[in-house]
Each structure stands twice: as C-alpha cells, then as structure tokens.
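> below are the sequence and a predicted model; questions follow.
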2 protein chains.
Amino acid sequence: MTDTDTFSLREGEVATDLPAGFDASLYYIGRIRTPWTRRQDCPKNGRETEAVCTIEVDPRWAQGLKDVESCSHLVLLYWMDKAPRNLVVQVPGHYGAQHGTFALRSPARPNPIAMSVVKLLGVEGNRLSVVGLACLDGTPLIDLKPYFASTDSVPDAVVGWHKKG
Amino acid sequence: MTDTDTFSLREGEVATDLPAGFDASLYYIGRIRTPWTRRQDCPKNGRETEAVCTIEVDPRWAQGLKDVESCSHLVLLYWMDKAPRNLVVQVPGHYGAQHGTFALRSPARPNPIAMSVVKLLGVEGNRLSVVGLACLDGTPLIDLKPYFASTDSVPDAVVGWHKKG
C-alpha cells in the first residue's frame, strides 16, 4: 500500500479506492534473473530483446518441472511488486493519451501480475533459460505454464487503440 | 487449505509441503458468468466451445475498461479457488501419465491462476461478452489485458509431451 500512497498521478490519470481487504493469497515460487536492475533500463517489451534470462524455481517446486523441457514456449506469470494498484485510467509516457488500465499491459493494475510468452532454451535442474522477458532482476515468479498454440496463439488479433495493432 | 487436506492423490502423483506463509495478496475484481455449474460439464478447453460467457467487472474498476472495446482478443486471468495447491507431479485423467505441474494447464498448481485467451464480442458498461472460456460459473476474475499478437502469438509453438503438440 505504501507504493500507492506515495505515487503521484499524472494529468488525466484516475485512481479508485482500494477494497477494504484481500480475497486470496499467492506464494512466490521463484525469482527471475535478468540483466536489468533499474526500471529505465528494461526494454519496453520482451520482443525488443534477445537477452537470455534465467528462471530460478524454488527447490520445493522443482519436481513440477518434469516434461517442461519438451515445451518450445512457456507462459510466465510474475509479480510487479513495485506498481500502484489503484489506477483505473492511465497516461503511459510513451503513448501520451488516456487509456483504461485493462486496455494496457502496464504493471499498474489491481493485481500487478504480468504475463509474458517466452521461448525456452533449456532446463538444468531448477533453472530455466528463456528469451523474451523485459522485467527487473529479482522479480518474483508466481507461475509457469506450457504455451499451447491451439488455444493461446491468435496471429490476427488487433488492439484497435494501439497504432501498431 | 481445506481443499488440499481433503484431496486424495492418484497413483503416481506427488505432493510437496506448502510454504509457511504467503507472499502477496489478490483482489477479486469481478466474476465470470458461464453456462457450467459443475466441473464435469465444463469443456476441456476454451476452443471446444462457442458458448458466450459474460465477464462482470466490479463497478469500482469499471473505468479501467476504457478502450477495451477496441481489442479483438483479451487475456483473462482468473482464480481456480477449488484446486489443491501442493501437487508437483500429476496424472491427469484424460492423459493417464505423469507430468510436472508446470508442464500442465491443470488448475492444481501453487498459485491456481488460469490464463485464457478469449475473443471479445462486446462491452456494455461493466459487462463484457466473450467466447473461449471453459470455467465454472462464478469463477473470480483477477485481471484482464489486451492481447497483442506481436508478443503473445506463437503459431508454431510446440508442447512436446502432448500428442497434438
């Protein structure tokens, strides 16, 4: 909540009151190791970099990686723990216009969970090498899943408000 | 935790001890309305049904939907609150072989967050009509995001252990 309290709104941004309490809880199941330690150094998205990042899964969960090595791509969910949670309308610096939080991939959202599709290079014990991430070093991991083209790939999807679609 | 205590392992399944405490917490931001009230009635995945489902976003967050109507597809994250969280190796009934939890899309995982890509039919106020879901009626929503083909679509991705890839 401290992040939210000290966060200042840009012109055009709208915040809402947060609910009185939480409804469910998460375990951090590992950490993401990347080359970036400052937000301003992170690429805008994971397709802008070929940097190899490392996923360290806690030993407690390592058996859950059985057969993951047979996947060419994975869905990663991770926790953007520095982001404010009360913004409903945002003005991202690189777009300069108002957009609803749910029309954006901004880390600032009620539940600051980021989703990235990554290419899997290899698995060694509880460590995975992947390409396609753009988050800070040390980011908490909350899930990883196999990427199924049959349900997850929509090549002709469009985001109308976004210039590049 | 009760679900876990009362959950019985199938032959070949492996459970781990859960951590002593949680690391982060979630708000439910809405509910998913579907035609299915019993698990056995749910389709196996969202591409097996053309049923129109409704996402009800809590009024508190409704302003966050600005511009969402311009998206052809969305990423939904939702909470599978009935699933055990301690399984690391599972034997799904329809596959009949052992797989690690992170090689499966099973709801049973340390953080039971499901991710689905859905087609957006329309937005009316705080209600969205979508196609591509296969979850129980009343499932808690935790996030929705625009689907960007540029970063999220990998048509040639392969899940090696899975017959159909």
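Happy to help now that I have it.
> just give me the residue right at the centre of chain A.
Centrality entry for chain A: nearest residue to the mean C-alpha point is A:A114, 2.2 Å, by CA atoms, centre = their mean.
> tell me the secondary structure for that one?
strand (DSSP: H, G, I helix; E, B strand; the rest coil).
> separation between it and chain B?
9 Å (CB to the nearest CB, to the nearest Å). In short, each C-beta sits where N, CA and C put it, glycine included.
> for that residue, give its distance to A:K145.
Separation of A:A114 from A:K145 (CB to CB, to the nearest Å) stands at 14 Å.
> find the residues that touch each one of these two.
A:L77 (CB atoms under 8 Å, 6 or more residues apart in numbering or on different chains).
> coming back round to it: I'd say the residue nearest to the centre of chain A and A:K82 touch.
No - applying CB atoms under 8 Å as the test, A:A114 and A:K82 come out as separate, 11.5 Å apart.
> mutual contacts of these two, please.
With CB under 8 Å, 6+ apart as the test, A:A114 and A:K82 both reach A:P107.
> residue ranges of the strands in chain A, please?
Counting by DSSP state E, the segments of chain A that form strands are A:14-15, A:24-26, A:30-33, A:52-57, A:73-79, A:87-90, A:99-100, A:113-124, A:127-131, A:139-146.
> name the helix or strand of chain A that has the lowest mean pLDDT.
helix A:2-5 (a mean of 44; mean pLDDT, DSSP states H and E).
> so A:S70 sits right up against B:F102, yeah?
No - contact criterion CB under 8 Å: A:S70 and B:F102 do not qualify, at 11.7 Å.
> report the contact partners of the residue lying closest to A:Q98 once chain neighbours are set aside.
Nearest non-adjacent residue to A:Q98, counting by CB to CB, 6 or more residues apart in numbering or on different chains: A:G12, 4.8 Å away. Shown in contact with A:G12 (CB under 8 Å, 6+ apart): A:89, A:91, A:98.
> any idea how far A:G12 lies from chain B?
In terms of CB to the nearest CB, A:G12 sits 11 Å off from chain B.
> my guess is A:F22 contacts B:I29. True?
No - the pair A:F22 / B:I29 is not scored as a contact, 11.7 Å apart, by CB under 8 Å.
> between these two, point out the one with more neighbours.
Each of A:F22 and B:I29 has its neighbours counted (other CB atoms under 10 Å in any protein chain shown); B:I29 has more, 26 against 15.
> any idea how far that one is from B:P112?
Distance of B:I29 to B:P112, given as CB to CB: 16 Å.
> A:E124 now?
A:E124 is 27 Å from B:P112, where distance means CB to CB.
> A:Y147 now?
19 Å.
> now swap in A:A62 and tell me
From A:A62 to B:P112 the distance is 19 Å (CB to CB).
> A:R39 too?
Taking CB to CB as the measure, A:R39 and B:P112 are separated by 30 Å.
> out of the two, which sits in the busier spot?
Between A:R39 and B:P112, counting by other CB under 10 Å, B:P112 is the more crowded of the two (20 against 10).
> residue contacts, the more buried one?
Residues near B:P112 by CB under 8 Å, 6+ apart: B:79-81, B:83, B:85.
> need the buried ones from those selected in PyMOL.
Here is the PyMOL selection string for the buried members of the contacts of B:P112, based on 16 or more other CB atoms under 10 Å in any protein chain shown:
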select buried, chain B and resi 79+80+83+85
